[in-house]
Each structure stands twice: as C-alpha cells, then as structure tokens.
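A predicted structure for the sequence below; I have some questions about it.
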Amino acid sequence: METVWFCLVAVMVAMYVLLDGFDLGAGAIHFLVAKTTEERRQVIAAIGPVWDGNEVWLLAAGGVLYFAFPLLYASGFSGFYLPLMMVLWLLILRGTAVEFRNHIQSMVWIPFWDFLFFASSLLLAVFFGAALGNVVRGVPLDESGYFFEPLWTNFQLGDHPGILDWYTILVGVTSLLALMMHGSLWVQYKTEGPVRQRCGRVAAWAWWGVLIFTALLTMVTFAVQPQVIANFKTWPVAFILPALAVAGLAGVVFELRRGKELNAFLASCAYLLGMLTSVVFGVYPMVLPARDPVYSLTVRSAKAGAYGLKIGLIWWIIGMILAACYFTYVYRTFAGKVTANPDSHGYGN
Amino acid sequence: MGSALDVHRLHFAFTVTFHYLFPQLTMGLALLIVILKTMALRTGDEHYNHSARFWAKIFGINFALGVVTGIPMEFQFGTNWAEFSKAAGGVIGQTLAMEGIFSFFLESSFLGLFLFGERLLGPVGHWFAGLLVFIGSWLSGYLIVATDAWMQYPTGYRLLPSGEIELASFWALLLNPWALAQYAHNMIGAVQTGCFVMAAVGAFYLLARRDLFYAKTFVRVGVTVGVIAAVVQLVPTGDIQGVMIARHQPVTLAAMEGLFRSQDGAPLAILGQPDIANGKLDNPLQVPSMLSFLTYREWSAQVRGLDAFPQDQWPDKIELLYYSYHVMVGLGTLFIAIMALSAILLWRNKLFEARWMLWILMLSAPLPYVANTAGWLTAELGRQPWLIYGLMRTVHGISPRVVAGSAWFTLIGFMGMYTLLSILWLFLVYREIEQGPELREKLRTAVPAPVTADYGDI
C-alpha cells in the first residue's frame, strides 16, 4: 500500500512539473521572447486561464504527501525551512504579478509586474531543481529523524551540506534550462507572430543546454547517489524510464524541425516525465535519503496508518477523475492560439 | 516573547489572520454573486448581470490574494509544526489533501471560466460556473473547519504507543459534530462580511449620489441577506457553538467569560477587565444568572469557574481570549441592530433617503472583519494550552530544529510582504469602487474591442 501511495505522490508531483513547469518556463523566457508590452500580454494570456489550476497540483501533491507520509512531510519541510519559505514568497510574488499585471494600463505598472513575473519564475525553476538535487544527494538526517539545512556551507558534498552546493546548483541550472525549453514550446504552441518565432529559437537554443547538462548530470548523479545504480542493476527493465527521457529529448528537436508545435511540447513532457521517474525509481524505497544511509526515511518508515491509506485511495480516485474532467474542459475551452487582438479569443473582455 | 514556541505561534497566527481577511469576503460574495446571477436569469434584467460583473472583479482581486496567502498555511504545518505533523498528519492530512483535490481543482478551473468566459459560456453556463465557484469555496471552508474542529474536539482516531495518532474512522473525522456547528457559525460570519461590504459600497454610492440604480441593488441584496445572517449568527449557530464549548471545553468557557469562581446562577459579564493575579473581574457590568441560563437553560445552574480546574489546564492568554470573545459577541449584537433597522427602513421604502442610516452602513464595512477575526482568536486561544485538545500540548508540536532566529527571519519577511499586499489590495479595490459599475459598463459597450480591455480585465 505504501508503494502505491509513493507512486501516486510521484504522479502528482510529475503532473505539477509538467503543467506548472510550462508556465514557470514561460516566465523565465518572458523577456527573451516578448519585446513589447503587447507581446508580453500574449505570453501572460498563453498561461493566464490555467496557471492557477496548474499550481493547485503543488498544493494537492503536498496534501497527499502530508497524509500518506506524515513523517516525511514533518522532517523534510522543517529541514528545508528557509528555502521553502523563500519558495512561498516567490509564489506569492508570482501569483500577484500574473493576476494584477493587466489591471492598470500604464507604462509603469505593467513593466513592474512583468519583471516580477520573470524574476520569480526564473528563481522558482532553479529552486525546485535544487530541491530535487537535495533529495537525490541526501540530507543530514540523524537518529531523531530531523535535520536542518542552512542555505549553503562550503558548497561541497560533505556531512554538513547546505541547500546549495555544486551538485544542487547543477540540478538547478538543468531544471531552469529544461523548463525554459518546456515553456517556450508551450508559448510557441499558443501564440502567433514574432513571439511564436522567438519561442522556436529559444527552445532550440535551450535544447542544446538541456542535452549537455542532462548528460553531465546523469554521470555525476551515479557518483553522488549510489542507490541509483544499484536499483537499475537490480531491475534493468527500468531502463525504459531514462530511455523515455532520451526519446523525448530527441523528439523535441525532431518535431520542432517538422514544425509540429504540439508534438514538440508533448515530447518535452516525455523528457521531463522520463527524468523524474528515473530519479524517483533511482532512490526508491527511500523517500528522503540521508547522508548517512542508516537514517534514510523509506516508504515504510514514513507512512501513515493502513486504514487511512486505504480510505484515502477511494476518495483520491474519485477526486482525480473529477479533476481530469475539469482540466479537459478548461483546456478545451481555452484551446487554440492567443492572438495579438485581445478580444478575439472570447476571454479578453 | 522570544522563545521558539512563541515565535512559531505568532508566525502561524499572523499569517492565518491575514489570510482569512480574503476568504471571508470571497465565500460571502460567492453566495451573493450567485444570487445576483440567479436574479438576472429569472428576471432577464441585464442590470443584475452588470452588478454581478462588478462584484466578480472585486471577488477576483480578493480571491487571488486569498490563494497566494493560503499556500503558506499548508506549508507551515510541516515547516513550523513538524512534531504535530508527524503525530497527526495521518488524520488531518486527510482533510487538507481533500481540500486540494476536491475544492481547489474545482475553484481554480471554474473561476477562470467565470471571470473570462462569460461570452463563451452563455447566460446559463456562466451562472453554472459561478455556482461551481461558490460550491468549491464553501467546500474548501468545510474541510478547513473540519481540520480545526478535529484539533478542538478529536474524533475517529486511535492513539498508538509511539505517540502517533492514526485515523480510525473517516466519517467520524468528516462528520465531527464540532465541525458541523463551527462550520455553520463560520460561514454565516463570512456571509455577513459579504453583505456588509456589498451594502456599504451601495450606501457609499447613494451618499455620493452616483451609480444610483446599482447602489440600490447592492443595498437591497446586502441588507436582505444580511439581516437573516446577523440573526442566524447568534441563534442558533452561536448558541450551539457556546453549548459545545461548555460541554467539551468548560475551562475555556470560564476563561472566555472571565468567570474566576464556580457559582450557582453565574452572571454574564458584558464589560469588565480580567485581573488574573487576583482572580477577579474589575469594573464588571453583569447580567445576573444569565450565563447559567445560556449554558444550561436553567437560571440557578452551577457553572464551573477557573478555580475548578488545575492551573496547567487554563488557556495561557486569558486576557486576549476574554477580549476576543467579548469583541465578537459585542459586534455580533451590533450587527443585528444595524441590519434589523436597515431592513425595517428598506421594507418601508425609506432606506435610500435615510442618509444617517446609509452613513452607518457605509462605516460598518470593516466591523465584520474584526468580528470574524475575533471569533477565530476565541476558538484558537480557547484551545490552548492544547494543540490537539486533550492529546497534544502546543509546546510539544513545534519543529525541533527550527530555531527562534529562523522563525523570526521568515515572520518578518511575511510581515513586510503582507504590508505590501495590503497596500496593493486597498489600491486595487478602491479603483474598482471609484470607477463604479455604470462607467464600467459604458466602457465595456462603447468600443467593441477597447484597448483597456485585456486578459485580467473582465
């Protein structure tokens, strides 16, 4: 049962990364692909009706993590206290920026929020990557089941690592590049004109970065977290997960050349999904690896009571079916391209 | 003030108090907007649709701020209250996760459609989107209240030898009698905020002699719903809540009422300042035997005072608890008077000319915010010294590794950020009210695709 919930939490986190990933990416490329106020409005409109729903996946995944693995939630959240609070501040700034940008048509108001939207999205993409890096690298858990990580120590992978060290920064940069590629593919798919063209160029440029950093990161990760190699050796069938990532990355450039915008975006989804599932599989059965492996939290040690997990499965399935219906409906309603004309889409006015 | 416990408590209290300024309005307005949309559908009068659109814009601003200030609440259970989460996450994580899955997905999906999809959806579809937003926000309210109710009056759990608390009955958690009572009382409070704000904006327009048609609609809807809400707030919902506290948290009742000594025919204190050291109420203004009657429906019944309980069971901030409770009840009583008087004048067709009453309505707008905040302070201070009543003390719930310095750092950060959000909120809501529904509709219809009309501008 705990493995089932481990997978369900992983599915929800993956949904979060795929969906909010494209709007975080859209923020990070905001100034690269849109030069005028009007073009920037198109970028915001490309994510406007859906970004809030995308972010709900983070809250929902957090909630499910809370009740399925209370010990992990307690230990992980209090250990990552400072970076999580900064993530919250960035989420507040970003949400405010997207929602309030268009309230006043002024050459002072709009650029201010545009900048906040860009900066908070970019930092969030790096932070989330660094967070994943921390989990893979392991945290300084001890026998109490708790830890507290400072923001940085000496940037080395010793027994007292900080949130930021050379490895987690590497993951953060990879995450930023991947989400920039992901975001520009989405905005390309949703827009027309100069914004669309620039998105295609940014995606192609980011693609090279993703390729190089993914290769580098993969090699380094095998050294940083030995469990990953061990897991893949034990279950070689799991090589399908990194294969999915590679196929996705190849697909991005292939579909981009053919001009199939939606396919390119979906290929990017496959890449992100392949990478995430590889990581999750690589650390299993640990949910929070410790620097000293005896103190690692595992699915078994962190899980909640059996009854709660069983009943949770019932409402989780019902809730997910409902959520899938809403999402299908909303994405279909707001389907198609956002154009330069604010009124043409039915939701401009 | 300075121990890690105090800072963590202040951290949560500050962020949740600020957060709840927004949902209380949006939950109340959601109901009123559905009423306006329903009237538009039934009468075919476009003015009701315009009214709904005006309020939807204010709703949108508040909803966005409610969302961004709400995210930190879920995180803080893990970041600041790790021991609590470790022990009770398997239980309260259920209701919190259900909130995300059942109401946030619903709200976020249909709010976008409600705000930006009026033309796409058509009148009935748009009404339905509004209804779903209303259901989503009220469901969210229930799941949060159920979480708090479990901390006030734990049900459906099993205590393990390790100190961890396991869920034993899903339905006992979800249908906790405390949750049902608290939910009714809380949601009526939110409706009052919505009604007072709507009526106040209407009164402002009437006093300023502008947007008169809309002004009358706002006052009429605000007062009509408001008078019902003001009464129901006291009887039966407030009364039921009081009886529950008397039965399950008698020491809390004694502290709320400032009753230091057990007595037969206990009086109800209207005013007075509690003096904890000497165990008495200074300058008391009391109604004899009233507390006994309200609690036990018997004038001479004995009510236990603080002296009947060991001191380590007393709430630790008795003065603040006492004043929160009295501010809440005092304002609640005032609301009944204001709304009843307005309703009578409305019924006699005199309200729109009675400028003195309109002044009162306009100036009352902040008061329900104060009352709702005071009500929550009463509930949460009254729960002390317990984090989970009778099961876990607050001092045992904090994160062991997060030192006071870290918590101060983030608390100060939140204070700064929320100050900016407050200014932003005042500025944006003021702009909407200043523009008003009439000019707004003129701008909407004047040019088919106005430059100002944009995403985010309905």
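Thanks, I have it.

just for the stretch 51-200 of chain B, where's the confidence low?
Along the stretch 51-200 of chain B, no part satisfies pLDDT under 70.

what are the ranges of the strands in chain B?
Using DSSP state E, the strands of chain B run over residues B:157-159, B:165-167, B:263-264, B:268-275, B:280-287, B:302-303, B:386-388, B:392-393.

ok, and the closest non-adjacent residue to residue 37?
Using chain A here. Leaving aside its sequence neighbours, A:Thr37 sits nearest to A:Ile110 (Cβ to Cβ, 6 or more residues apart in numbering or on different chains; 5.6 Å). C-betas here are computed from N, CA, C, even on glycine.

wrong one, I was asking about chain B
B:Trp127 (4.6 Å).

next SSE after the lowest-mean-pLDDT helix or strand in chain A?
In chain A, the helix or strand scored least confidently by mean pLDDT, DSSP states H and E is helix A:299-302, which has a mean of 81. Downstream of helix A:299-302, the first helix or strand assigned by DSSP states H and E is helix A:306-333.

average model confidence for that following helix?
The predicted model assigns helix A:306-333 a mean pLDDT of 89.

chain center to that helix: distance?
20 Å (Cα atoms, centre = their mean, to the nearest Å).

who's in contact with the residue nearest to B:Lys37?
Residues counted as contacts of B:Trp127 (Cβ atoms under 8 Å, 6 or more residues apart in numbering or on different chains) are B:Val34, B:Lys37, B:Thr38, B:Ala40, B:Leu41.

so who does the second one touch?
Applying Cβ under 8 Å, 6+ apart to B:Lys37 gives the contacts B:Tyr48, B:Asn49, B:Ala52, B:His126, B:Trp127, B:Gly130.

wait, doesn't A:Pro70 sit right on B:Phe84?
No. Using Cβ atoms under 8 Å, A:Pro70 is not in contact with B:Phe84; the gap is 9.7 Å.

the two: who's more crowded?
When neighbours are counted by other Cβ atoms under 10 Å in any protein chain shown, A:Pro70 and B:Phe84 differ, and A:Pro70 comes out ahead with 30 against 24.

hmm, back to that, which elements pack onto the least confident helix or strand of chain A?
helix A:2-28, helix A:70-79, strand A:286-288 (3 or more Cβ pairs under 8 Å, 6 or more residues apart in numbering or on different chains; DSSP states H and E).

tell me which of the ones you listed sits most buried.
Of all those, helix A:70-79 carries the top mean neighbour count, a mean of 27, counting by mean count of other Cβ atoms under 10 Å in any protein chain shown.

picking up where we left off before, could you export the strands of chain B to TSV, including columns for distance to A:Glu143 and mean neighbour count?
Shown next, in TSV, are these (distance: least, Cβ to Cβ, whole Å; neighbours: other Cβ atoms under 10 Å in any protein chain shown):
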stretch	distance to A:Glu143	mean neighbour count
strand B:157-159	24	16
strand B:165-167	22	24
strand B:263-264	53	14
strand B:268-275	45	16
strand B:280-287	50	13
strand B:302-303	49	20
strand B:386-388	24	22
strand B:392-393	22	16
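
for A:Pro242, which of those is the nearest?
Closest approach to A:Pro242 among these (Cβ to Cβ): strand B:165-167, 37.8 Å.

need the contact partners of that closest one.
Contacts for strand B:165-167 (Cβ under 8 Å, 6+ apart): A:304-305, A:307-308, A:311, B:87-88, B:90-91, B:94, B:154, B:156-160, B:173, B:388, B:391.
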